[in-house]
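Undergrad: here you go, sequence then predicted model.
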Amino acid sequence: MGKTAPLFSPLFFPLITPTPNKSKVKQVILVLALLFCLNPLQAQFCDEVRLSVTSNANVDFSFDSFGEYMAGITQNGSTKLKVAVSNSINNNPSCRWNLVILVENASSTTAPTEWEQLQSNSTSGTAPQIDMLQLRIRNNCNTSLTGNQFFNVPTTTGTPIIVISNNGVTTPAGSCTTNVNGPGNTVTNYNEYSFDIDYRIVPTNGVRSGVYQLKVKYLLTEIL
Amino acid sequence: MKKIKVLAFAAAALLTSTGAFAQLQDEKDVTITMDLQPILQLNMSTPNQVDFTFDNINEYYGGITKYGATILKVSSTVNWDLYAIGRSNGNVAAGFWDQQIKYGTGGTGATNRLPLSLLELHQSTANGNSAAATGTYADYSAFFPPIASPSGSNSIYVDPANAGTPPNANNKYIAGHKGTTGVGDDAVAGGSYLTAAAGALTSDYYYSIDYRIVPGLPAVFPMAFSPDGTTAQDLVTANGAGSYAQPGVYTMYVQYILLEDQ
């Protein structure tokens, strides 16, 4: 289930003074009205957004032959994502969602463009770069904005990869086109709300041998 | 005052309740682990036995050359060095050919102490990654020297203690060199003869090795030199005037060592 972030308005408190008068009361009412006007910007349009992973949370690549270094290793369908977004309670037509991938090296001591090193076998060669990792996101309706081909992830840790975007337009379930972002789930629209993630790594020669790690974060968010 | 307080509480309650309507989100993480193991492959596609038979005077004078007797192909995922080292079992002494059989004693001055460095090598492609080398000869790319002008440019590197110690910065490497300064200075970048852009025959990942032995007459092996190629080790220099090789069958072996840049 999704998380909630508490809201707080510091504007409110300075208006309470020990010597109230009519104008102060009016001021307070005005500010409150303003706050309520702004409030819809932070309202919740969906009842639930849920992201499930039905596969192993670890994807391991082991390069122990020259052929693997040259051709790379591809792991198809290693991660299966299922999206469920519901507005069945409030029936708000503005319920939309986006899906973002963040590839992170999860270490403050690692350069932002490199894999996190867990173990070193060598001192020679260059550190592997994050963009050595390739991803392919696919489903039967090809809804991902990344297309259905492999692409190199961004060079810097934490740079978002937009899979389903907040483009201000609701593309409803059943459209079977790119960027389907309305309420729905894999039970009713499997081809739009499930995503198979393929991973590929093609190491470069001269890369420093060792054991390295990256974290791939899948983030499903309601669009407000 | 009371009104204000009521309003304040009401507003606070409302604003607090709006917290429940914050943006919904969900997150899942997948960990990618990559194990990059160093791969070093040295492929020798030629016979591992090279025979030299000296049975006429011309061969003693001019020596015998075996062109392209060894082909070396390298594939490596890490930066690397390649060197050759002459070795034997040391049944005569460390640093000398093994004598398997002798054809008589050979008379006065005959010795069975033939230095391993009498074997000469020539590599087809020069060592382009040896800028850090400090010796007279960084590799075996020089043409075999004329018989009349003995030189250590091609004599094989030998560890005098026969312990297999790698050559130092003054000695010869086929590719790369001693030290870890970097590619070009003392290392060849990871790669393979299969994908070498310059073409396999002239790339840093493919070497055709020629061998030569020049006994000379008398058989003193004038091309034998110290590991740095500057001090003669022919039989006269090593053993005194009148020395020459005792007739017989001798063996040694050449190790080609491919290793991660060191």
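TA: On my side now, so go ahead. Note that this is a predicted model, so its numbers are computed, not measured.
Undergrad: show me where the stretch 51-200 of chain B has its helices.
TA: For the stretch 51-200 of chain B, helices defined by DSSP state H, counting those that start in this stretch occupy the ranges B:57-62.
Undergrad: helix or strand: which one has the spatially closest residue to residue A:101 that is not a sequence neighbour?
TA: In space, and not counting its chain neighbours, residue A:101 is closest to residue A:161: 4.2 Å by C-beta to C-beta, 6 or more residues apart in numbering or on different chains. (Each C-beta comes from the backbone N, C-alpha and C, glycine too.) Assessed by DSSP states H and E, residue A:161 sits inside strand A:160-164.
Undergrad: ok, now residue A:68?
TA: With DSSP H and E as the test, residue A:68 turns up in helix A:66-71.
Undergrad: what are the buried residues along that helix?
TA: Residues of helix A:66-71 classed as buried by neighbour count (16 or more other C-beta atoms under 10 Å in any protein chain shown): A:66, A:68, A:69, A:70.
Undergrad: can you redo those as TSV with pLDDT and distance to residue A:149?
TA: What follows is the buried residues of helix A:66-71, written out as TSV (pLDDT from 0 to 100; distance: C-beta to C-beta, whole Å):
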residue	pLDDT	distance to residue A:149
A:66	87	26
A:68	91	21
A:69	90	22
A:70	88	21
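Undergrad: out of these, who's near chain B?
TA: A:66, A:69, A:70 (C-beta under 8 Å from any C-beta of the partner chain).
Undergrad: ok, so of the residues you listed, who is nearest residue B:81?
TA: Distance to residue B:81, by C-beta to C-beta, is smallest for residue A:66 among these, at 17.7 Å.
Undergrad: distance check, that closest one against residue A:199.
TA: As defined by C-beta to C-beta, to the nearest Å, residue A:66 lies at a distance of 21 Å from residue A:199.
Undergrad: which residues of chain A fall in strands?
TA: Counting by DSSP state E, residue ranges of the strands within chain A are A:48-53, A:58-63, A:73-86, A:97-104, A:116-120, A:133-138, A:151-152, A:160-164, A:194-201, A:210-222.
Undergrad: can you list the ones you listed in CSV and add mean neighbour count and mean pLDDT?
TA: Below are the strands of chain A laid out as CSV (neighbours: other C-beta atoms under 10 Å in any protein chain shown; pLDDT from 0 to 100):
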stretch, mean neighbour count, mean pLDDT
strand A:48-53, 18, 93
strand A:58-63, 17, 96
strand A:73-86, 18, 95
strand A:97-104, 22, 96
strand A:116-120, 14, 93
strand A:133-138, 20, 96
strand A:151-152, 14, 97
strand A:160-164, 19, 96
strand A:194-201, 20, 96
strand A:210-222, 21, 95
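Undergrad: residue A:110 is nearest to which of these?
TA: Here strand A:116-120 is closest among the strands of chain A (C-beta to C-beta), at 4.8 Å.
Undergrad: may I have the strands that pair with the closest one, each with its orientation?
TA: Applying DSSP bridges, strand A:116-120 is found paired with strand A:210-222 (antiparallel).
Undergrad: what's the angle from the partner strand to strand A:58-63?
TA: 150 degrees (axes from the mean of the first three to the mean of the last three C-alpha atoms, to 10 degrees).
Undergrad: show me the contacts for the closest residue to residue B:90 other than its chain neighbours.
TA: Nearest residue to residue B:90, sequence neighbours excluded (C-beta to C-beta, 6+ apart): residue B:162, at 5.3 Å. Residue B:162 is in contact with B:87, B:88, B:90, B:94, B:95, counting by C-beta atoms under 8 Å, 6 or more residues apart in numbering or on different chains.
Undergrad: can you tell me which of these are classed as buried?
TA: The neighbour-count test (16+ other C-beta under 10 Å) marks B:87, B:88, B:95 as buried among the contacts of residue B:162.
Undergrad: hmm, back to that, which one of the strands of chain A lies nearest to residue B:70?
TA: Distance to residue B:70, taken as C-beta to C-beta, is lowest for strand A:58-63 among the strands of chain A, at 29.3 Å.
Undergrad: how far out from the middle of the chain is the closest one?
TA: Relative to its parent chain, strand A:58-63 has a centroid offset of 22 Å by C-alpha atoms, centre = their mean, to the nearest Å.
Undergrad: model confidence for the residue nearest to residue B:215 when sequence neighbours are not counted, exactly?
TA: Spatial nearest neighbour of residue B:215, chain neighbours left out: residue B:60 (4.9 Å); criterion: C-beta to C-beta, 6+ apart. What the model reports as pLDDT for residue B:60 is 96.
Undergrad: same check, this time on residue A:57
TA: Here the pLDDT value assigned to residue A:57 is 90.
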